[in-house]
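# Quick one, what's the 3D model for this:
(chains A, B and C)
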Amino acid sequence: MASIDTDARSRAGRRPNRLFKNMNAKLASLPMMFTALVVFLGGTIWTITYSFTSSGLLPRLEWAGLEQYARLWSSRKWLVSIENLAIYGFLSLILTLVIAFILAALLDRKIRGEDTFRTIFLYPFALSFIVTGLVWQWILNPQFGVQDVVRDLGWTNFNFDPLNNPEIVLYGLLIAGLWQGTGLIMCIMLAGLRGIDEDIWKATRVDGIGTVKTYLVVIIPMMRPVFVTSLVLIGSGIVKLYDLVVAQTSGGPGISSEVPAKYVMTSMFGGQNLGQGFAASTMMMLSVIIILIPWAYLEFGGRKRG
Amino acid sequence: MADVGILATTKAAEQIAPRTLDGPSGPRPKRRFSRANIIVYGTLFIVAVYYALPLYVMIVTSLKGMPEIQMGNIFAPPIEVTFEPWVKAWSEACTGINCDGLSRGFWNSVNILIPSLIVSIAVASINGYALSMWKFKGSEVFFSILMIGAFIPYQVMLYPIVIMLREAGLYGSLSGLVLVHVAFGMPINTLLFRNYFAAIPEELFKAARVDGAGFWAIFFRIIMPMSLPIFVVALIIQVTGIWNDFLFGVTYISSPDRYPMTVQLNNIVNSVQGVKEYNVNMAATLLTGLVPLTIYFISGKLFVRGIAAGAVKG
Amino acid sequence: MKLTTKLLAATAICGAGAASATELEVMHWWTSGGEANAVSKFAEAWNAAGNTWVDGAIAGGGDTARPIMVSRIIGGDPPAAFQFNHGRQAEELVEAGMILDITDVSEQEGWADIITPSSLLDSCTYDGRVFCVPVNIHSWQWMWLSNGAYEAAGVDVPTTWTEYVETADAVREAGIVPLAMGGQSWQQNGSFGVMALALAGQDAWLAVNQDKDSEVVMGPEYTRVFEAFGAARELSDGLNVQDWNQATAAVINDTAAAQIMGDWAQGEFALAGEVAGEDYSCLPGLGEVALLDTGGDAFFFPVTGDPEIEAAQKELAALMLSPEVQVSFNSAKGSLPVRPDVDLTTVNECTQKGLDLLAEGSTVPSGNQLLSPDTTTQLNDLMTEFWESPSMTPAEVQEQYAAIIADAD
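Have a look, this model is predicted:
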């Protein structure tokens, strides 16, 4: 890969002080270093520090030890939040990838009106989650939304009221979340498919491999980088899931659609208990790091790719 | 395709990803009305209905009067078309004691958007360039921190950033807000640029080095001209993110006269008491979404191609 | 006494107004029609004195607006005044020295003699100093009943909770949902608080909310409340709404018979053109124990270090409690004035009941004054979980309620 060779190349050249090697690149990267170290790392350390305090409305260094964590893990709402995020996250991840891939594959079949379809699938991404939640809350409203319309058509027993049913409320969120997010991923997938050489299709046809099997066995493994980009986008969206829940269900009915980011927000600003909110966000960050570090190491660090 | 020319302005661009530009690559359907074809179009059509439905509902609702909304079902087209809700959302809806609708914040949003956009894209592209072609010791560490940063809920960072901006003397100013947008847009855009630049053929880079071109010369003369698509992608992601932002705009700008449009949108949509004016809500929503939507409709093709090159070759 | 106070207020306003025309930014979350109208009364009075009111309205209630206000304060660029519910929410800001001490205004204006009930001023007082201006009184302890719904059910409009429960079957048979309840946690927990005060009585209620006595929660008075709350849960079956005003709308259009909600609900009835006593009835304290809590809103003035702004802040504080502004503001907002020496422009049957209760001193402190926001959030979560999970029994929720109260500070 270019980058690695570059490195080697400049090392082979003149060899000034190590610090000044690649000086322009380092200078140019200062904003990134600053953001990474001060904003993200600094902010994280700040948050973790204050999670061990009894800060209320204002951040204050009054040590409380592990009290916030003990309370966090004894809170029913937190446990429900985590469970919800796990279910929502799993379904959202799988369904986004599957739907986005199928749509991309369909659009890739030399069809008419591709531009129109693509624009229709993509436009929800332009709207904020608040708006998404609002619109879907409305469409799913039993009194004048989908349920009402289907009943008017004659199926008077038709029942579809996910936002008021704790058992299926997560699916109500999922319908809206997928609507907003799959378009972008589909575009990335479509782009990936466009990058596949036509010869591969010819070769598989010669070998008599079916279309579906070709996708599964040949094409998808070739699209690994596409899936990586998609995973980062989908994953970060899932962890940050907040606005949509607030706009669509406010965490209800009861606490059945609470999510961790909302727990953090409610503790910090509703309950005026910053320490509790920071403890919850520390747990969130910790789980992200546990999942991401090994993967980031494999993906971005330490290893040659090509 | 008609507008391939826009993209392939340089020979180099064709070299990067020639396959990207010449359209669908999937198996060619055999006959125009084969069974497979019917399934393809049928599926796409049904899914398109699911995606288009909310937009349809929003538009239809925004053209109805309140009595009609309360009586009928949400999918019915308006019996009597009225543009009153649009006028109201734009110039009459009250937020607090100011009754001049969304128009109050439009130019504020533009003022926030343009510098944030320029700085964040400039910074992210240079990051991606340095990370892909001029790696130095530790560069991947910073990048990994950024990637983890992409997963941190914004709200958690609210107070630490207030403190940082205060210490820097930037709290409440536009430049402070711009920096915040730059920082939070950095992870995903840096990833996109990095992956795109990494796909640029090595020979090109080597040749330029032999000619004695340095870091900046290569970036401005070679890399930038052949990277239009990925800049368009970053542009679209950033326009959407910055334009739709409510929390940062209202927290880090300390004067109500300079609040972005989303503050008015929030105030119109989120007022709990009184009769909810759904038609005005929907009109306000569409008006606010108009800027990103317009950019999507115009640059849709560029967007897809840009993503193609950015994400595929990572 | 009153005359001198008024004169003092008038001179304070005129004097400062003439001396300097100052721009003050005021942050609040009053954005709906009636609320915005009420705020404009403040703004008009302030602008009339030659100043400029810069309006910083953030919709979405305290949870959206509060972090923004606190950020502004931490960031060192606070608004000149901001709205908070009085009570314990601003305690920390005061302790941290970020809020302007307005004791001198309070003494000059004689607030201690004017403000009724005095608990309102008490909740603005920290260590003997005054830090905020209570501007209105809102009470939770009301039940709103649809006369039309009871007519359709063929029974008389109940006058007590007991009667209400007895007639619920008849209401149900007429195809009407007996109780309208929104899906948000604050509504469910708030209704529980109202039932607790009405059914367990003042002593038990204060023991729990003021003294944080968890044994009382487990005691017989509260057991009755939890059982009644469990029964109420069944009475609300069949109506799925989120916002409180949607629930009120169900009472207005007779699809539901009653709602437990604070006096702000009356604004909705008024907007719908309903007349108290004819179209709807109201029962303070559920018709059982007629006590009102005295919650409401207050304004705080952050320390800015600028003497000119400080003078203007104090001027605004005095203005907010001046008789004319109290009348115009509270008439627009549908709340009760904090000073009994003024007359509201329009008083209907229900408002009059409220005024009478205030006048005779039948008040208790509000939940915001007694419980920390942290405790309130936990109770909200618990009560909403109970309300939406039919499998959870009153005994279970009682135990968890007691645990939260035991931990409360």
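# isn't B:Thr240 right up against A:Pro124?
No - in terms of C-beta atoms under 8 Å, B:Thr240 does not count as a neighbour of A:Pro124; the distance is 10.8 Å. For glycine as for every other residue, the C-beta is placed from the backbone atoms N, C-alpha and C.
# Which single residue of the stretch 1-150 of chain B ends up nearest chain C?
B:Gly96 (2.6 Å; C-beta to the nearest C-beta).
# Now the common contact residues for B:Thr240 and A:Pro124.
Residues touching both B:Thr240 and A:Pro124 (C-beta atoms under 8 Å, 6 or more residues apart in numbering or on different chains): none.
# Within the helices and strands, which one has the residue of the stretch 201-306 of chain A found nearest chain B?
In the stretch 201-306 of chain A, no residue comes nearer to chain B than A:Pro225, which is 3.2 Å away by C-beta to the nearest C-beta. In the assignment (DSSP states H and E), A:Pro225 maps to helix A:224-239.
# I figured the residue of the stretch 201-306 of chain A closest to chain B was touching B:Arg194, is that so?
No - between A:Pro225 and B:Arg194 there is no contact under C-beta under 8 Å: 11.1 Å.
# residues contacting residue 257?
As the question left the chain open, I've gone with chain A. Neighbours of A:Ser257 in contact, by C-beta under 8 Å, 6+ apart: A:84, A:169-170, A:172-173, A:245, A:249, A:251.
# hmm, I had chain C in mind actually
C:Ala257 touches C:145-146, C:149-150, C:153, C:168, C:171, C:176-180, C:251, counting by C-beta under 8 Å, 6+ apart.
# Mind exporting the C-alpha coordinates of stretch B:127-139 to PDB?
Extracted in PDB, the C-alpha atoms of stretch B:127-139 (Å, rounded to 0.1, in the frame of the first residue of the first chain):
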ATOM      1  CA  ASN B 127      -6.000  14.600   7.900                       C
ATOM      2  CA  GLY B 128      -7.000  12.000   5.400                       C
ATOM      3  CA  TYR B 129      -4.100  12.900   3.100                       C
ATOM      4  CA  ALA B 130      -1.500  12.800   5.900                       C
ATOM      5  CA  LEU B 131      -2.900   9.600   7.200                       C
ATOM      6  CA  SER B 132      -2.900   7.800   3.900                       C
ATOM      7  CA  MET B 133       0.300   9.100   2.300                       C
ATOM      8  CA  TRP B 134       2.500  10.600   4.900                       C
ATOM      9  CA  LYS B 135       2.100   8.300   7.800                       C
ATOM     10  CA  PHE B 136       4.300   9.200  10.800                       C
ATOM     11  CA  LYS B 137       4.900   7.500  14.100                       C
ATOM     12  CA  GLY B 138       1.700   7.700  16.100                       C
ATOM     13  CA  SER B 139      -0.600   8.900  13.300                       C
END
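# near chain A, anything from it?
Yes - counting by C-beta under 8 Å from any C-beta of the partner chain, chain A is contacted by stretch B:127-139 at B:127, B:129-136, B:139.
# which of these lies closest to A:Gly192?
B:Ser132 (18.7 Å; C-beta to C-beta).
# That closest one: neighbouring residues, count only.
24 (other C-beta atoms under 10 Å in any protein chain shown).
# so it, which of the three states?
Here B:Ser132 is helix, with the state taken from DSSP: H, G, I helix; E, B strand; the rest coil.
# That one contacts B:Arg194, doesn't it?
Yes - contact criterion C-beta under 8 Å: B:Ser132 and B:Arg194 qualify, at 5.0 Å.
# check contacts around the residue nearest to C:Asn47 when sequence neighbours are not counted.
Spatial nearest neighbour of C:Asn47, excluding adjacent residues (C-beta to C-beta, 6 or more residues apart in numbering or on different chains): C:Trp53 at 5.7 Å. Residues in contact with C:Trp53 (C-beta under 8 Å, 6+ apart) are B:97, C:24, C:26, C:42-43, C:46-47.
# Apart from its chain neighbours, what residue comes closest to B:Ser299?
B:Val232 (5.6 Å).
# Look up how far B:Val291 lies from the one you found.
As judged by C-beta to C-beta, to the nearest Å, B:Val232 and B:Val291 stand 15 Å apart.
# C:Ser362 now?
Distance from C:Ser362 to B:Val291, by C-beta to C-beta: 55 Å.
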